[in-house]
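Trainee: only the shape, not the letters, is given here:
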């Protein structure tokens, strides 16, 4: 058994994991497949005009369509990205993508993770601007996390969406 006693306190809290993200080529087909396989219901898909920051690219813009399973506490997020976007599956990248975690301070969490060897792949804003409300940050072992701000009503918006209301 591996001795883990010398590890630092985690930057992410397992109790705040709220979704797993799956990139899909066809959102409707993925919803039907997972409903048949595990019996989950879905939020009405929402298309979001994304404005983000990517290392080596700077500001990027594209459309992202998402839907979440209504059942939780850990929800399934289906992601369909426009061609050429970070979420585009044409490169064979369909499947499990990331683990989403609510955090209070995106800037601090990302600084902590980067200091531990994690790499930021995409963020709501540049590091100089504090990363914005979310990031995608990859662990040295290859696991992709999405620390997302649970502040400013975000959690409540998602709870309303899971219950059948609108995300926005």
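Mentor: Thanks, I have it. Please read all numbers here as calculations on a predicted model, not as lab measurements.
Trainee: could you list the low-pLDDT ranges of this structure?
Mentor: 1-9 (pLDDT under 70).
Trainee: in its sheet, what does the longest strand seen in the chain sit against?
Mentor: Identified as the longest strand of the chain according to DSSP state E is strand 58-68. Partner strands and pairing direction for strand 58-68 (DSSP bridges) are strand 46-54 (antiparallel), strand 75-81 (antiparallel).
Trainee: so can I have JSON lines of those strands showing mean neighbour count?
Mentor: All C-beta atoms are positioned from the backbone trio N, CA, C, and that covers glycine. JSON lines is the format used below for these (neighbours: other CB atoms under 10 Å):
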{"stretch": "strand 46-54", "mean neighbour count": "15"}
{"stretch": "strand 75-81", "mean neighbour count": "21"}
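Trainee: go through these and name the closest to residue 149.
Mentor: With CB to CB as the criterion, residue 149 lies closest to strand 46-54 of the strands paired with strand 58-68, at 14.1 Å.
Trainee: what is the burial count for the residue lying closest to residue 140 once chain neighbours are set aside?
Mentor: Closest residue to residue 140 apart from its sequence neighbours, by CB to CB, 6 or more residues apart in numbering: residue 117 at 4.4 Å. Other residues lying near residue 117 total 10 when counted by other CB atoms under 10 Å.
Trainee: so residue 117 versus residue 51, what's the distance?
Mentor: 28 Å (CB to CB, to the nearest Å).
Trainee: swap in residue 70?
Mentor: As judged by CB to CB, residue 70 and residue 51 stand 28 Å apart.
Trainee: out of the strands paired with strand 58-68, nearest to residue 15?
Mentor: Across these, closest to residue 15 is strand 75-81 (CB to CB), at 14.8 Å.
Trainee: what's that closest one in contact with?
Mentor: Strand 75-81 is contacted from outside by 18-27, 30-31, 34, 40, 42, 62-69, 87-89, 97, 100, 162, using CB atoms under 8 Å, 6 or more residues apart in numbering.
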